[in-house]
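# I would like to see how this sequence folds:
(one chain, ligands or ions: 1)
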Amino acid sequence: MDKIHAVYNSRFNYLNEIKISPLSRAYTFSDSVYEVIPFCNSNLIAFESHIDRLEKSCDALNLSLDTKKTSSEIIDLISRSKLIDGYVYYQVSRGIDPIRSHIFDESLTAETFGYVVDHTFKSQKLKVMICEDLRWQRCDIKSTSLLGNVLSMNEARNHGCDEVIMHKSNLITEGGASNIFFANNDTVFTPSLSNNILPGITRELLINEIKNLGIKVVEGNFELKELETAHSIWLTSSTKGLAQVTDVINLETKVVEDHNLFKKCEQIFFKKFLSGS
Ligand code: PMP
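Numbering: from 1, shown residues only. Below is the predicted model of the structure:
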């Protein structure tokens, strides 16, 4: 395997050569936020939106971020890697404590870390499991504290699934690492933004693009039972693009594989963001 290009506190290096302190607050408290930024045919996809969301996540933690420096580091990282298609993982932590303490010292210097890997978008058909959303009440922050997602997704994996669809008191929230959409007849539905879901960049790109092309999109609060009658369900993320759900192991559904509205949305998304034209 080729060496993975990485950057730690603005110093470029290979991933396997970076050493970090165990007192990094990313390690002890998950006191850190991150982004996953895709690029395709050497074009970064929605780069500004990712940087804006990273800044918002940092603000929510009272962390200051030099967005110009971060942006140029990410661009530099991609060019050093010479990759054409892939994604950058970039993380900002509050810094390294002198000794572990919940209460942080305001003067800590933020710690940044990123790497770039090869990745190509491909059509995926997902088998998913419905599960209760076990997470905290600020899922709108893209925090590295992902234990709820990790436990649910691994439970789903043990049942032969690729992803989960989560619900809080019967209201659909999102996937374990994705946002959810479903379609009925000629309308696309997706849960509204709230503290309970991540404001996905792919979600936003898709909604804007299909609305512009005259497809009806309804954002709202939806109960699990709405999935039982949906003609199509799909999940979106920066690495998946749009991935259709063809099987839900613990819910009766009527989803049709390659449903025409899903295919239309997928084509629109591909043409606009992934074709490089
Ligand atoms: N929700 C969660 C919990 C996620 O982890 C992700 C992927 N980062 C998403 C939604 C999708 O967000 P995006 O489209 O910005 O990748």
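# C-alpha from now on. contacts and neighbour counts both.
OK.
# just checking, what packs against the host helix or strand of E204?
Assessed by DSSP states H and E, E204 sits inside helix 201-212. Helices and strands touching helix 201-212, by 3 or more C-alpha pairs under 8 Å, 6 or more residues apart in numbering; DSSP states H and E, are strand 216-220, strand 232-237, helix 260-269.
# Residues of the stretch 51-200 of the chain that sit close to the ligand?
Proximity of the stretch 51-200 of the chain to the ligand, by C-alpha under 6 Å from any ligand atom, involves residues 176-179, 198, 200.
# among those, who's most crowded?
Counting by other C-alpha atoms under 10 Å, S178 has the largest number of neighbours within those, with 26 neighbours.
# I'd guessed that residue sits against T236; true?
Yes. S178 lies in contact with T236 (C-alpha atoms under 8 Å); the separation is 5.2 Å.
# For the helix or strand T246 falls within, enumerate the helices and strands it packs against.
For T246, the enclosing helix or strand under DSSP H and E is strand 241-248. When contacts are defined as 3+ C-alpha pairs under 8 Å, 6+ apart, strand 241-248 sits against strand 125-132, strand 232-237, helix 260-269.
# how far is it from where the chain is centred?
15 Å (C-alpha atoms, centre = their mean, to the nearest Å).
# picking up where we left off before, out of the helices and strands packed on strand 241-248, deepest packed?
Burial of the helices and strands packed on strand 241-248 is given as mean neighbour count (mean count of other C-alpha atoms under 10 Å); strand 232-237 ranks first at a mean of 24.
# Which neighbours do S178 and T236 have in common?
Residues touching both S178 and T236 (C-alpha atoms under 8 Å, 6 or more residues apart in numbering) are G200.
# Tell me how this protein divides into domains.
5-118, 124-274 (automatic domain parsing).
# For the stretch 101-250 of the chain, give me the ranges with low pLDDT.
The stretch 101-250 of the chain contains no residues with pLDDT under 70.
# In contact with E209, which residues?
By C-alpha under 8 Å, 6+ apart, the contact list for E209 reads 268-269.
# do you know how far it is from the ligand?
14 Å (C-alpha to the nearest ligand atom, to the nearest Å).
# Repeat that for G160.
Distance check for G160 against the ligand: by C-alpha to the nearest ligand atom, it reads 20 Å.
# and if you look at A243?
According to C-alpha to the nearest ligand atom, A243 and the ligand sit 12 Å apart.
# ok, how many other residues are close to that residue?
Residues near A243, counting by other C-alpha under 10 Å, number 22.
# List the residues that contact it.
By C-alpha under 8 Å, 6+ apart, the contact set of A243 is 123-126, 234-236.
# got the residue ranges for the strands in this structure?
Along the chain, counting by DSSP state E, strands occupy 5-8, 11-14, 32-40, 43-44, 86-93, 111-118, 125-132, 163-168, 171-175, 179-184, 187-191, 216-220, 232-237, 241-248.
# circling back to that earlier point, closest one to P22 among the helices and strands packed on strand 241-248?
Among the helices and strands packed on strand 241-248, strand 232-237 comes nearest to P22, with 30.5 Å by C-alpha to C-alpha.
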